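Trainee: got a sequence here, can you model it:
(chains A and B)
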Amino acid sequence: MSDSQDIETATTAIQTSQVAQPDSKTRRYDRQLRLWAATGQSSLESARILVCSGSATSTSVLKNLVLPGVGHFTILDAHVVTPEDAGNNFFLEGLDSVGKSRAEEAVRLLSELNDGVEGQANTANLDDILEKDPSYITSFSLVIAHNLPSSTLDRLATLLWSNTSFPPLIVIRSAGFLAEIFIQFHEHPIIDSHPETPASLRIDKPFPALLDHALKLDIENMDVIDHGNIPYVVILVRALEEWKASHNGSPPKTYEEKSEFKKGLLARKKKADEENFDEAAAQAYRVWTETTVPNEISKLFSDPGVTSLTPSSPAFFHLLKALQQFSSQPPHTLPLSSTLPDMKSDTASYVHLQKLYKARAEEEKLVFKSILKKNGAPVDDAIVDEFVKNAHGLKLLRGEKWGSLDADKNALSACLKGNTKETATHLALSALARIQAANPSVQPTEDDLRTAVLALIGGELPRSSSGEVIGESELEEAIGELARAPTADLPNTAAFLGGLVAQEAIKMITRQYVPVKGVCVVDLIGSWTGVVQP
Amino acid sequence: MSTKASSRSTHVEAILGRDLYAQVRNVKLLLVGAGGIGCELLKNIVLTGFGDITLLDLDTIDLSNLNRQFLFRKKDVKQSKALVAARTAQQFNPSVRITPIHANIKEPQFDVAWFRQFHIVLNALDNLDARRHVNKMCLAAAVPLVESGTAGYLGQVQPILKDRTECFDCMPKPIPKTFPVCTIRSTPSQPIHCIVWAKSYLIPQLFGEDEDGGDELDEAEKQGENAEKIANLRKEAQAFTAVRNALRSGSHPKPNGSTTRSRSKKANPNGDAAQLVFNKVFEADIQNLLSMSDMWSNRAPPVPLNYHEILNDSFVLPNHPETDAATSNGPFVPQNKAHTNGHNVPNASSSSTASGSGGAGLKDQRELTLRENLELFIHSTNRLSMRLNSGEDTISFDKDDDDTLDFVTAAANLRAAAYGIGGKSRWEVKEMAGNIIPAIATTNAVISGAIVLQALHLLRKNYGGLRNIHLQLKPEVPLNGSSVGAPAPECGVCRDTYVELLCDPSRVTLGEAIERILGDGDDEGTGPRDVSVYEDKRILSDPDFDDNLERTLESLGVTRGKFLTIVDEDGEWGNVAVAIGVLPPNHPPNGPALIPPFPLPKPPRLSKPTPPPLTPNTPPRKRTASVMGGDDDIEHVAPPPKRTKTGMPHINMASPSKKKRLEDEGLLIVENPDEKVDDEPELITIDD
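Mentor: Numbering: from 1, shown residues only, chains lettered A, B, ... in the order given. You can find the predicted model right below:
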């Protein structure tokens, strides 16, 4: 490939070689680096994943983690390959694999996908390891379990929940076209959640240099071209200041005032086609929407992690504490973001404005850093930069233990009322697991499943305020599907879950983007997904 | 063994039921595309038990495919995707027949008759044009289609069946962003303008076919752009001849980044093609533009660059307020990216060792100094020139062709420097110029699973189960299925009545074809009526324009795989789309030159005259060129109420004008895929 150079090119291609050509690894991962950048890739490459079972679903998940370059994976599976496995698991060599170790066969074939990934097979029994060597399991950074017997799964979940520093667990249960996934974790802070809403431009609270720039601009004597290129941010800051001067220092408040303000903006046009003034009118809400600390962020300040901060707390909480202190000072906002959205303007005006924002953002970041320093909390500079840059999208998720929902009959009833089809499907899958736990060899009937569901929710389905039974038809559908094919690991369901679960695993590992909440139910007959949450 | 062999299908049979499973084994399936979605999908359909699969892809394997296209290995790079994917998947189940075809689905042999042999078609394509083409062919052949696309974390699946569901074209698609000619050629104001210039203007001028570039300017002149400025650009274009010759003369230095030390016969630096190119486009052409003083009365004029001064670090750009880091000479000082791209990382060789945010440590992710850009320009020009001299006729931009990517990066940044615009790193240029869309295995896996399930609904005729599926970034509803809409009544593609005309286009005139399709109206057909006839967006005839009726279909470019669209002049009948096919192999050589469809088409009677007829494809939204030197950032997009008559009957099929090409390549930049999809859930595209 292009990694190799002939001696002449190598010796004569002086400066260009150090700047132009990315290495082959960057090229291989090009399309995903554009989603999670080098930081995400680096987290992925240092992750060690344990997958319990070598089923078609498990190998589908792993395929999607090996391809993007996860550091290490182990398949833990004591089974040998059956003819059924051979027919639905692409990472077995058909009938040639029958009778061999499922873990070893799958690891061998998965490893072919990416020689930068280390794969290992473990043919021991999970129950034995839980008994004798639990630290083996907790040494991984993430554990994924597919269709484990419920007693084994419960022990695994209990072990991993027993210490906040133990790895998260992703539980997958699937049967035919129905499935669910659940992520067990104590807390999961996300600095870069890739939020959809951009940070505030602080037009209502302009920083001094911005205000100064807006007021000094000689708009009246400007020529037509320049006038059509004033960025809307500047127009709004100026117009607001002028408005406040004639309204006792208040921004537009009532509907009438707001309409008047907008009209005033459009009246400033020198030519009818000045788009920048149209943009200003469209963005006028920024003038009367006060920039404060967003609710979601201020809620984090009262999180126990912040209120009972100790020197040994994770960096995220020290950063949150500093952020709280920063925003308690005027102007009571988050640090300014230096990214400016696209807007109608010429290059010179836009770049000038961009510089003002950048300079101010740098200043505020220094203030933030000095607070952090005063608190005596040393945090890596790169992380601080990342934190400040993404301050408006910070997330802190707190999870639950696997099985806690099923242990709470009232919660299940409440879920049935709120997310009926999701909860009905979840209940059917839980019922199936209970029956199989009691007697692995029996093929449950619809009656068996119905009885088990009712036992789970405490006797009968809940009723609505008008007395109607909730969830009956949804439950019957799910039960019917499970009774039809209680154990089938269908290739398309496996492929689908492989994508979905690997995606969630990557979100957890990279700590970017927000993972699914609660129990996520998948129905591939109806082609829908949804969550069960109380 | 027989029990083993049969139990491999146990799971699938249990779920699909014996009947559907048996049916699936006999289904003839066409999978178009063996890329991100295609690889996943091929695995799924083999595992599901489809017995006869035709796999078509025109592409070859690139290193950047390997993070998701799991049927390929590093050793397969540069080989045909279709062939390698088929070979890899075949190993899994030898009893499945997989027929790989390394070709473009738009080639004429893949006509309606060819499509009709399949029971179902699955689209796994990466571009709008091909997706629309397959949509239309499937409608014409009445074959069910499952359409799909992914971009980053987002994806979409749409089952399509003529007269029952919406088709791919029922919902309007986004128009790629385009820029006025003059913004690109004379007055760029953003980095993207410089990138488009380098990619779509400079590369074709230097390394493309020998054209004088006149079409575009003739067109601009007709649109009323300033004649003097046009004349000026014309002069500029003609002077390319000398430079083109130098690039092809073979007397250029070795590609060593230096201009003076070389083994070339002409040690004279003026013989250096790269320098000739540079002097023309970054010095002389800019000087020339500066002479048009009124162009610069309201904007900052560009600055001609000087080759030697840049190389010996003595060149000083006047102080544009908006440029320092990207264009300042001398050592690289990252300005606006100082906190993300460290100062001392250019030699870091691996992304995994990098710490910090953004793309720190990726060596093509920093901006280059002016001198570095010039050196890269020289180096890449020489490499491209060598390729011309070693037999390549023409070279066009390809994001995966490093020589062209380097060239575009360097040329765009040099132009940006001259115009006082910020530069871009090679990494960014690749994304902007290459229309790169982020792509990962997970999304493709989810979408491919959903595609098969929709395909099974279609095959089972379980139309109630059909869903349009959207994969989205919502923690509560990662995947959402919505019910499938009915065909849009005004759709210009799926509301047409499709028929096939088997003929020898060299022996059938347009008038004859129309007459035979309309029939005499007694027992079948609609009978003669006033119609307009189109091929794609070209009008071939209407009641006031009959010059083409005596010409053969072939001379009009209406050949195998193309469609004639017959539009009723009074709006009383629906449109008829006539697919051109070939005469059967056993047709006697002296037999009739055409076999009309049987029965003749009876399009639906329209109750009232329709609004102006729509084009067979989506309405041609031609931008009108904006006035030179004026508000060139304003886009004038005016969908004409009716198809415009172009200057027929002369048809030049050989080479579309550069203007057209520039428009076709108009960039579709996905800066924030989430945003785009939130607005228009139907519009997600594209993974290769």
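Trainee: what is the neighbour count of the closest residue to B:Phe115 other than its chain neighbours?
Mentor: Computed as Cβ to Cβ, 6 or more residues apart in numbering or on different chains, the closest residue to B:Phe115 that is not its neighbour in sequence is B:Ala141, at 4.0 Å. All C-beta atoms are positioned from the backbone trio N, CA, C, and that covers glycine. When counting by other Cβ atoms under 10 Å in any protein chain shown, one arrives at 21 neighbours for B:Ala141.
Trainee: ok, the closest residue to A:Val516 other than its chain neighbours - contacts?
Mentor: Nearest non-adjacent residue to A:Val516, counting by Cβ to Cβ, 6+ apart: B:Pro475, 5.1 Å away. Neighbouring residues of B:Pro475 by Cβ atoms under 8 Å, 6 or more residues apart in numbering or on different chains: A:Val514, A:Pro515, A:Val516, A:Lys517, A:Val531.
Trainee: next, count neighbours for residue 316.
Mentor: Just so you know, I chose chain A. Summarising burial for A:Phe316: neighbours were counted as other Cβ under 10 Å, giving 22.
Trainee: correction: the question concerned chain B.
Mentor: As a burial measure, B:Val316 scores 12 neighbours (other Cβ under 10 Å).
Trainee: and the gap between it and chain A?
Mentor: B:Val316 sits 19 Å away from chain A, going by Cβ to the nearest Cβ, to the nearest Å.
Trainee: also B:Pro592?
Mentor: Distance from B:Pro592 to chain A, by Cβ to the nearest Cβ: 49 Å.
Trainee: my read: the residue nearest to B:Phe115 touches B:Asp111, true?
Mentor: No. B:Ala141 is not in contact with B:Asp111 according to Cβ atoms under 8 Å; the separation is 9.1 Å.
Trainee: would you map the strands across the stretch 101-250 of chain A?
Mentor: Taking DSSP state E, counting those that start in this stretch, the strands of the stretch 101-250 of chain A run over residues A:118-122, A:142-146, A:169-175, A:178-184, A:187-190.
Trainee: for the second one, packing partners?
Mentor: It refers to strand A:142-146. strand A:48-52, helix A:56-66, helix A:150-161, strand A:169-175, helix A:491-510 (3 or more Cβ pairs under 8 Å, 6 or more residues apart in numbering or on different chains; DSSP states H and E).
Trainee: swap the cut-off to 10 Å and go again
Mentor: strand A:48-52, helix A:56-66, strand A:72-76, helix A:150-161, strand A:169-175, strand A:178-184, helix A:491-510 (3 or more Cβ pairs under 10 Å, 6 or more residues apart in numbering or on different chains; DSSP states H and E).
Trainee: the one residue in the stretch 201-350 of chain A that gets nearest to chain B: how many residues sit nearby?
Mentor: Residue nearest to chain B within the stretch 201-350 of chain A: A:Ile225 (4.2 Å; Cβ to the nearest Cβ). For A:Ile225, the neighbour count with other Cβ under 10 Å is 14.
Trainee: hang on, the earlier thing: okay, and the common contacts of B:Ala141 and B:Asp111?
Mentor: B:Glu500, B:Ala579 (Cβ atoms under 10 Å, 6 or more residues apart in numbering or on different chains).
Trainee: is it true that B:Tyr463 touches B:Asp163?
Mentor: No. Under the criterion of Cβ atoms under 10 Å, B:Tyr463 makes no contact with B:Asp163, lying 11.4 Å away.
Trainee: show the pLDDT at residue 350.
Mentor: You didn't pick a chain, so chain A it is. Note on A:Tyr350: pLDDT of 83.
Trainee: chain B was what I was after
Mentor: 32.
Trainee: the longest helix along chain A: which residues count as buried?
Mentor: What stands out as the longest helix in chain A, according to DSSP state H, is helix A:347-374. For helix A:347-374, a neighbour-count test (16 or more other Cβ atoms under 10 Å in any protein chain shown) marks A:347-358, A:360-361, A:364-365, A:368-369, A:371-372 as buried.
Trainee: does that helix come close to chain B?
Mentor: Yes. Applying Cβ under 10 Å from any Cβ of the partner chain, one finds that helix A:347-374 is in contact with chain B at A:Thr347, A:Ala348, A:Ser349, A:Tyr350, A:Val351, A:His352, A:Gln354, A:Lys355, A:Lys358, A:Ala361, A:Glu362, A:Lys365.
Trainee: ok, now stretch A:438-457?
Mentor: No. Contact of stretch A:438-457 with chain B (Cβ under 10 Å from any Cβ) is absent, the minimum separation being 11.2 Å.
Trainee: show residues contacting that stretch.
Mentor: A:149-150, A:406-407, A:409-413, A:415-416, A:423-424, A:426-436, A:460-461, A:471, A:475-476, A:478-480, A:482-487.
Trainee: could you export the contacts of B:Pro475 as a markdown table, including neighbour count, pLDDT and secondary structure?
Mentor: Listed next are the contacts of B:Pro475 as a markdown table, based on neighbours: other Cβ atoms under 10 Å in any protein chain shown; pLDDT from 0 to 100; DSSP: H, G, I helix; E, B strand; the rest coil:
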| residue | neighbour count | pLDDT | secondary structure |
| --- | --- | --- | --- |
| A:Val514 | 17 | 93 | coil |
| A:Pro515 | 24 | 94 | coil |
| A:Val516 | 22 | 91 | coil |
| A:Lys517 | 15 | 84 | coil |
| A:Val531 | 22 | 93 | strand |
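Trainee: quick one: which of those is nearest to B:Asn586?
Mentor: Closest to B:Asn586 out of the contacts of B:Pro475 is A:Val516 (60.0 Å), distances taken as Cβ to Cβ.
Trainee: that closest one and A:Leu240, how far apart?
Mentor: Remark: distance between A:Val516 and A:Leu240 (Cβ to Cβ, to the nearest Å) = 41 Å.
Trainee: equivalent analysis for A:Ile219, please.
Mentor: 14 Å.
Trainee: settle it for me: which of these two has more neighbours?
Mentor: The residue with more neighbours, out of A:Ile219 and A:Leu240, is A:Leu240; 22 against 16, by other Cβ under 10 Å.
Trainee: spatially nearest residue to the more buried one (excluding sequence neighbours)?
Mentor: Nearest residue to A:Leu240, sequence neighbours excluded (Cβ to Cβ, 6+ apart): A:Val287, at 4.9 Å.
Trainee: check B:Asn26 too.
Mentor: Nearest one to B:Asn26, counting by Cβ to Cβ, 6+ apart, is B:Gly51 at 6.1 Å.
Trainee: quick check: the one you found touching B:Pro94?
Mentor: No. Contact between B:Gly51 and B:Pro94 fails when scored by Cβ under 10 Å: they sit 11.8 Å apart.
Trainee: okay, the two: which has more neighbours?
Mentor: B:Gly51 (19 against 8).
Trainee: quick check, B:Glu512 in a strand?
Mentor: No. Under DSSP: H, G, I helix; E, B strand; the rest coil, B:Glu512 sits outside any strand and is assigned helix.
Trainee: count the neighbours of A:Pro83 for me.
Mentor: Counted with other Cβ under 10 Å, the neighbours of A:Pro83 add up to 20.
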